[in-house]
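K.L.:
Test case, fold it:
(one chain, ligands or ions: 2)
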Amino acid sequence: MIIAERKPLEDIKQMIAQYKKILLVGCGTCVTVCWAGGEKEVGILASQLRLAFRRDGGELETLEATVERQCEKEMVEELKDKIQQVEAVLSLGCGAGVQTIADRFEETPVYPALNTKFVGMPEREGLWIENCGACGDCFLDRTGGICPIVRCAKGLLNGPCGGTNKGKCEVDPEKDCAWTLIYRRLEKQGRLDLMRKYYPPRNFQAVVRPGKIEAQRV
Ligand code: SF4
Ligand code: SF4
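P.N.:
Ligands and ions are numbered 1, 2, ... in the order given. The predicted structure follows:
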């Protein structure tokens, strides 16, 4: 899932300082799960902004909406009536959500209330860990399902480096060495032969930006 976190209130307030009426739009998928941009967070941010404007002697009127998936054109269509009533939109979606609304409603300024951070997974309640960098050429079949591109501080394809120490990473001793994790996982699976293989440098042409995939329905 996409992990994001809210920008500081003061930054958001400055972004929308010129407006008197805005629509805050949440997304019901990833950013709801990571507590950054769901219906609840939309309500909280709307109240905080109204209070902050009032404290400064101004007034802000807010409308609120949360769509199921902000990164889908069809789903942001339902915002049409509300967007016609406001001067600007404040999106609590990930960067894809912000851009989907901005593309569909080109005449309305759309502002990001979140910083989109990474693709990751929940480790425990309230903690999310990056585990995929969307590199375009997945390597997990050779590493027991642990990504060295993102989880090794050096992104090594052939690890571990000489700095691994008691299972921890030399770059950040708070973190597990990804290649030690990979070794242990492969050991459990009886696949340590994979550790002895040399993997040549990656073809970074696999990562074409902007990415585009045209899938065929089966
Ligand atoms: S190798 Fe890592 S970064 Fe690349 S697609 Fe697989 S999990 Fe994601
Ligand atoms: S100690 Fe492990 S995780 Fe850290 S840079 Fe070296 S191989 Fe990568």
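
K.L.:
helix or strand right after the longest helix seen in the chain?
P.N.:
Counting by DSSP state H, the longest helix found in the chain is helix 39-55. Next along the chain after helix 39-55, taking DSSP states H and E as the criterion, comes strand 61-67.

K.L.:
now the helices: where do they sit in this protein?
P.N.:
Taking DSSP H as the criterion, the chain carries its helices at 9-15, 30-33, 39-55, 73-76, 80-83, 95-104, 148-151, 178-188.

K.L.:
hey, which of those is tucked in deepest?
P.N.:
Counting by mean count of other CB atoms under 10 Å, helix 30-33 has the highest mean neighbour count of the helices of the chain, with a mean of 22. From N, CA and C alone the C-beta is placed, and that goes for glycine too.

K.L.:
re the thing from before, give me the contact list for the longest helix of the chain.
P.N.:
6, 9, 12-13, 16, 24-26, 28, 31-32, 35, 59-60, 62, 64-66, 90, 92, 113 (CB atoms under 8 Å, 6 or more residues apart in numbering).

K.L.:
Could you export the helices of the chain to JSON lines, including columns for distance to ligand 2 and mean pLDDT?
P.N.:
Output for the helices of the chain, formatted as JSON lines (distance: least, CB to the nearest ligand atom, whole Å; pLDDT from 0 to 100):
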{"stretch": "helix 9-15", "distance to ligand 2": "33", "mean pLDDT": "98"}
{"stretch": "helix 30-33", "distance to ligand 2": "26", "mean pLDDT": "96"}
{"stretch": "helix 39-55", "distance to ligand 2": "33", "mean pLDDT": "98"}
{"stretch": "helix 73-76", "distance to ligand 2": "39", "mean pLDDT": "96"}
{"stretch": "helix 80-83", "distance to ligand 2": "46", "mean pLDDT": "98"}
{"stretch": "helix 95-104", "distance to ligand 2": "28", "mean pLDDT": "98"}
{"stretch": "helix 148-151", "distance to ligand 2": "7", "mean pLDDT": "95"}
{"stretch": "helix 178-188", "distance to ligand 2": "4", "mean pLDDT": "98"}
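
K.L.:
what does the chain have sitting close to ligand 1?
P.N.:
Cys132, Gly133, Ala134, Cys135, Cys138, Phe139, Leu140, Cys147, Ile149, Val150 (CB under 6 Å from any ligand atom).

K.L.:
Closest one of those residues to Leu181?
P.N.:
Using CB to CB, Cys147 is the member of the residues of the chain next to ligand 1 that lies nearest Leu181, at 10.2 Å.

K.L.:
Quick check: the closest one vs Phe139, distance?
P.N.:
Using CB to CB, to the nearest Å, Cys147 is found at 7 Å from Phe139.

K.L.:
Looking at the two, which has the bigger crowd around it?
P.N.:
Cys147 (20 against 14; other CB atoms under 10 Å).

K.L.:
and the more buried one, what does it touch?
P.N.:
Asn131, Cys132, Gly133, Phe139, Leu140, Ala178.

K.L.:
Kindly recompute the last result at 10 Å.
P.N.:
Neighbour list for Cys147: Val119, Glu130, Asn131, Cys132, Gly133, Cys135, Cys138, Phe139, Leu140, Gly155, Ala178, Ile182 [criterion: CB atoms under 10 Å, 6 or more residues apart in numbering].
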